[in-house]
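Chemist: structure of the sequence below:
(chains A and B)
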Amino acid sequence: MTTSVTHPVPPAMSDSLSKSTNPVYRRRLLGHRVGIFLSVLAMAIGLGFLAWILFTLLVHGFGALSHTLFTLDTPAPGSEGGIRNAIFGSLMMVGLSTLVSTPVGILAGIYLAEYGQTSKFGAITRFVTDIMLSAPSIVIGLFVYALYVAKVQHFSGYAGTIALSLIAIPVVVRTTDNMLHLVPNSLLEAAFALGAPRWKVALLVRLRAVKAGVVTGVLLAVARIAGETAPLLFTALNNQFFTADMNQPMANLPVVIYRFAMSPYEDWQSIAWGAALLVTLSVLLLNILSRTAFRQKTPQ
Amino acid sequence: MNSQSAITASPADQAVLQEEARHAALRNTMRVQRIQDFVFHKVTLAFAAFVLLVLVGIIVSLAMGAAPAFREFGAGFITTNEWDPINDKFGALIAITGTLVTSLIALAVAFPISFGIALFLTEICPGWLRRPLGTAVELLAGIPSIIYGMWGLFVFAPIFGDHVQPLLKKTLGVLPVIGPMFQGPTMGLGILTAGLILAVMIIPFISSVMRDVFEIVPSVLKESAYGLGCTRWEVVRKIVLPYTRTGVVGGVMLGLGRALGETMAVTFVIGNANELSWSLFAAGNSISSTLANEFAEASSPLHVSSLMALGLILFAITFIVLSAAKLMLAGMARKEGAK
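Modeler: I've put the predicted structure just below:
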C-alpha cells in the first residue's frame, strides 16, 4: 500500500504537481486509459468486421451482377445462368409469409397488450414469444417437416411459407405488444369516455396511434425471414427450374446460395456471390428503413 | 302506430316515450358492443394461444419423431460418440460437444468485445455518434447467417488457416495443459473457426442487451461516483457493472442461446466431420450442422429419428438457456421499474 494518500497534501503544493507524482492517481489514470482504449478497440473490431464482410460482398458480388442473373434460371455447372427462379420463389414465400404473419402477429400482440397485462396466460404467452424469437430456426424447419412435409410426402413452397411465417410471427407479436404500450393511457380513457367499445378503442385508437411502429415490426420480420436458410432446407428444398406452383419444391435465394457456394464450380460460386449481395442489400435496406423512416413517428 | 301516439299523447308522454326509445336503442347498442367485445377478446385470445400451440407442437412433434431413436439407443444416445449412417448406429455426443464447444468459444470471444462496445456506446461515445454507430453494430445482426458462412468459408478461413493458426500452434500449442487444443493440421476450417464466426454473429445481440441495461443505471449513482473523483473506468467497474450484473449475465445467456442454434454459418466452416478430437483446429460437427447436412438426404427411418432426437436436444438446451436469460432480464426490468 502506498502511504501518500494518507498524508494530507500541503495546500501550497500545486495541483498538477501532486497529481503527477501521486502513484495512486497515476495508477488510476493508467487503469482508466487502458479501459477506455480497450473499449474503443472493441468498437473498432465490431465495425471492422461489418466493413470487412460488406467489402467482401461488394467485391465478389458486383462482379457477378449482370442482366442474365435476373433473366435466366439456375444453370447446370458450366453453362450460363441466373437466379430468376430463386428470386421469384423467395419473393413468393416471403410475401405470402408476411401476409400470413402480419394479421396473426398483430392480433396476438393486441391480446397481450389489452388483456395479457395481469393474467397468467398473458405472462406465459409473452415469455414463450420471447423464447420463440431466439429459438433455433432449423428446429422450426424440422417441426414443419414433421407436421406438413412428412404428411403430404413432398417438399413444397407452402411448407417453406409455413416455416417462415412461424419465424416471423413472434417478431410481429413482440413489436406490436411493445408499441401498443407506448400509447398514453389518457388517450384510451378519452376514447372510453366517449362510449367507444373496447375493440374500437384497441383497433381504431390504440393500434392506429402506433401504426408506424407496427409497420416497423413487420419490416423487421420480413428482414429476418428474407435471409433465413435453415428452415427452408427441409421444407421448400430447392428447384432447378422456374415454378409458380407453390405446391412444388421451390427455388429460393438462401438455399441456392448455400448449394452454389458449397459447390466446387467457380461459375456457381460466382452466382452465389451475386445472390448473396442481393439478399444482404435488401435485408440491410429493410433494417435501415425500419430504423430511420418509421422511428420518429412513434409516440414517446 | 308511432304517428298515432304522437297525435294522441300529451307532450309529457311524448318525452317519456322518446326517452324510452333512446334507452332501448342504447341498450341495444350496448348489447351489440358487448358481443363485439366478447368476440374481439376471444379472437385475439385465439391468436395469442396459437403462439403457445406452436411451442407445444414443436415439442410434441420432435418428441414423437425422436421416440424410435431413444427406444433403440436408450439414454446412451446422448453419451455415444458414434454417428454412422451406413450401419445405422447413432450417438449424439459428437454433435452435442461440437455445439457446446463452438458456442463457448463464441461466448468467450464475444463477451469482452460486446462489453467494450456497450461501454463505448453508453459512456464514451459523443452523443451525435451514438445513433449511427449503434445502428452499425446492430446491422451485424441483420446480415443473414448464410452470408457469414460464405464470408467465413471463402475469406476468413483461408486467412485464419495461413496466418493465425500457425501462430497459435507455435505459442499456445506448446503449453502443457491447453497445448493439445491448439495442435493438428492448420486447415482454417474447424471448431475454432466456427466459434470465432459465431462470436462475430452474437456480438450485436449481447452488446445491445448490455447497452440497454447500462442505460438504466440511475444517473444519480454515477454522478455521485464522479463527484467523489472516480474516473470513468472506475464508475463503470464499480457502479455500472455491479448494478447491472444480472442484466449483463442475461445478455450473455441470450447470446449463448443464439450461438447454440445457429446453423448456416457453422455448417459452412465447421468442416463437417463426425469425429471427436481434442484439437480445436480439427473439423467437427454441431447439432445444427448435422441436421442441415443430413436431414434432407436421410433415408433410413432410424437416421431420420436420430436427427429428430438431435433437434429435440438442441431445442431443449436453447429453451433452458433462453429461459434463464429471460428470467434474469425480467429481474433487471423490475429494477428499472423500481428506479
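Chemist: going forward, measure contacts and count neighbours with C-alpha atoms only.
Modeler: Noted.
Chemist: next SSE downstream of the lowest-mean-pLDDT helix or strand in chain A?
Modeler: Across the helices and strands of chain A, mean confidence by mean pLDDT, DSSP states H and E is lowest for helix A:15-21: a mean of 61. Sequence order places helix A:23-64 as the next helix or strand after helix A:15-21, per DSSP states H and E.
Chemist: wait, does that following helix contact chain B?
Modeler: Yes - Helix A:23-64 reaches chain B (Cα under 8 Å from any Cα of the partner chain) through A:28-29, A:31-32, A:35-36, A:38-43, A:45-47, A:49-50, A:53, A:56-57.
Chemist: buried ones among the residues you listed?
Modeler: Buried members of the residues of helix A:23-64 next to chain B, counted by 16 or more other Cα atoms under 10 Å in any protein chain shown: A:29, A:31-32, A:35-36, A:38-43, A:45-47, A:50, A:53, A:56-57.
Chemist: so A:F62 versus A:T216, what's the distance?
Modeler: 29 Å (Cα to Cα, to the nearest Å).
Chemist: output stretch A:209-221 as PDB - backbone C-alpha positions only.
Modeler: Presented in PDB, the C-alpha positions along stretch A:209-221 are these (Å, rounded to 0.1, in the frame of the first residue of the first chain):
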ATOM      1  CA  ALA A 209     -51.600   5.600 -32.800                       C
ATOM      2  CA  VAL A 210     -48.700   3.300 -33.300                       C
ATOM      3  CA  LYS A 211     -49.300   2.300 -36.900                       C
ATOM      4  CA  ALA A 212     -45.700   3.300 -37.900                       C
ATOM      5  CA  GLY A 213     -44.200   1.300 -35.100                       C
ATOM      6  CA  VAL A 214     -46.200  -1.800 -36.100                       C
ATOM      7  CA  VAL A 215     -45.100  -1.400 -39.700                       C
ATOM      8  CA  THR A 216     -41.500  -1.300 -38.300                       C
ATOM      9  CA  GLY A 217     -42.100  -4.600 -36.700                       C
ATOM     10  CA  VAL A 218     -43.400  -6.100 -39.900                       C
ATOM     11  CA  LEU A 219     -40.400  -4.800 -41.800                       C
ATOM     12  CA  LEU A 220     -38.100  -6.300 -39.200                       C
ATOM     13  CA  ALA A 221     -39.900  -9.600 -39.600                       C
END
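Chemist: give me the phi and psi for B:D88.
Modeler: phi 60, psi 40 (degrees, to the nearest 10).
Chemist: to clarify, my last question referred to B:N272.
Modeler: The phi/psi pair for B:N272 (degrees, to the nearest 10) is phi 50, psi 60.
Chemist: shouldn't it be in contact with B:S288?
Modeler: No - counting by Cα atoms under 8 Å, B:N272 stays clear of B:S288, with 10.8 Å between them.
Chemist: and stretch B:216-229, average pLDDT?
Modeler: Averaged across stretch B:216-229, pLDDT comes to 91.
Chemist: buried residues, it. List them.
Modeler: So, applying 16+ other Cα under 10 Å, buried residues of stretch B:216-229: B:216-217, B:222, B:225.
Chemist: ok now it, how far from the chain's centre?
Modeler: Taking Cα atoms, centre = their mean, to the nearest Å, one finds stretch B:216-229 lying 32 Å from the centre of the chain it belongs to.
Chemist: what residues does the stretch 51-200 of chain B have near chain A?
Modeler: B:51-52, B:55, B:57-58, B:61-62, B:65, B:112-117, B:119-120, B:124, B:136-137, B:139-140, B:142-148, B:150-151, B:155, B:200.
Chemist: likewise for the stretch 201-339 of chain B?
Modeler: B:203, B:231-234, B:254, B:257-258, B:260-264, B:268, B:288, B:291-292, B:295-296, B:308, B:311-312, B:315, B:318-319, B:322-323, B:326.
Chemist: following element in sequence after the lowest-mean-pLDDT helix or strand in chain B, please.
Modeler: The helix or strand of chain B with the poorest confidence is helix B:2-8; it has a mean of 53 (mean pLDDT, DSSP H and E). Going down the chain from helix B:2-8, the next helix or strand is helix B:11-73, by DSSP H and E.
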